[in-house]
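**Q** Provide a 3D model corresponding to the input given below.
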Amino acid sequence: MGLFDVGQRFKPRHVAGVQASRFIEPHGCEEIDEYRVKYDNAKKLADDLGDLPEGFRAFCVLDGKFIFGDLLEALIVKHDWICDLTISTLSMSQDNVDSLANLINGGFVRNLTVIVSHYYFQTERRGIMPYLYDRLDVDDHLQLAVASVHTKMAMIRTKCGKKIVIHGSANLRSSSNIEQIVVEHSPALYDFAYGMHAEIAEKHKTINKAVRRTDLWSAVLAGGEETPLPMAAQLAGV
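**A** Residues are numbered from 1 along each chain as shown. A predicted model of the protein is given here:
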């Protein structure tokens, strides 16, 4: 018989005699108020990280007071990097999409590759996914892949030659949980991580780059049934 099949209950923390109970209720989880989740907090961390010379590594513990994806925007804008950006994340929010759109529209990110989990894609296929394709599939900057991934990494390759990798427990979206990330400037780690994720992106991509968005829309307006809509275009409502 299992340990908890005998009718035993966890002893609430607030009752008398809790010290005599082997199992006690865990503390409740406190959600961070929205007004405490600020881009300024991400910007402060970006400032604290400094210039990220080659060989730089920082271990950071995050307490949920900023959206992790905001750190990417803060770092790239602070250093005025022109870069290629590859992201693998279990999930992301609309705020993350808007942040990435800022980087594309601001001319900072030339090529953006995003890899999301298959579970997230299916859950958000009528939610955030159409919004993501609509906002980020601009001038052929975006490739989005859907795979059975649980990795949480961001890889930044700058025009000036830096190769930055950020990895840890945090997804792009905000979280009230304590998370840990490592930020490091390591060409060797970047090349390894990017090579692995580039293979995933190529195999599981959802955007057919052979069909440009403007050409596809023209074909649709002309009634060109011979040109099938790729899945990304269907979801984005192109």
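**Q** Just name whatever secondary elements whichever helix in the chain runs longest is in contact with.
**A** With secondary structure taken from DSSP state H, the chain has its longest helix at helix 187-204. Here helix 187-204 touches strand 83-89, strand 109-117, strand 142-147, strand 153-158, strand 163-168, going by 3 or more CB pairs under 8 Å, 6 or more residues apart in numbering; DSSP states H and E. Quick note: C-beta positions are derived from backbone N, CA and C, even for glycine.
**Q** what would these look like in a markdown table with distance to Asp40 and mean pLDDT?
**A** Formatted as a markdown table, those follow (distance: least, CB to CB, whole Å; pLDDT from 0 to 100):
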| stretch | distance to Asp40 | mean pLDDT |
| --- | --- | --- |
| strand 83-89 | 22 | 97 |
| strand 109-117 | 22 | 96 |
| strand 142-147 | 28 | 95 |
| strand 153-158 | 20 | 97 |
| strand 163-168 | 19 | 95 |
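**Q** out of these, which comes closest to Pro130?
**A** Among these, strand 142-147 comes nearest to Pro130, with 11.9 Å by CB to CB.
**Q** Leu172 in helix, strand or coil?
**A** Per DSSP: H, G, I helix; E, B strand; the rest coil, the local secondary structure of Leu172 is coil.
**Q** Let me know the distance separating the closest residue to Asp63 other than its chain neighbours from Phe59.
**A** Leaving aside its sequence neighbours, Asp63 sits nearest to Ile178 (CB to CB, 6 or more residues apart in numbering; 6.0 Å). With the distance defined as CB to CB, to the nearest Å, Ile178 ends up 13 Å from Phe59.
**Q** Same question for Tyr133.
**A** Per CB to CB, Tyr133 is found 35 Å from Phe59.
**Q** Leu103 too?
**A** Going from Leu103 to Phe59 by CB to CB gives 25 Å.
**Q** Compare neighbour counts for the two and give me the winner.
**A** Each of Leu103 and Phe59 has its neighbours counted (other CB atoms under 10 Å); Leu103 has more, 21 against 10.
**Q** nearest residue to the more buried one other than its sequence neighbours?
**A** Of all residues not flanking Leu103 in the chain, Val109 sits nearest, at 4.3 Å (CB to CB, 6+ apart).
**Q** Understood, closing this out.
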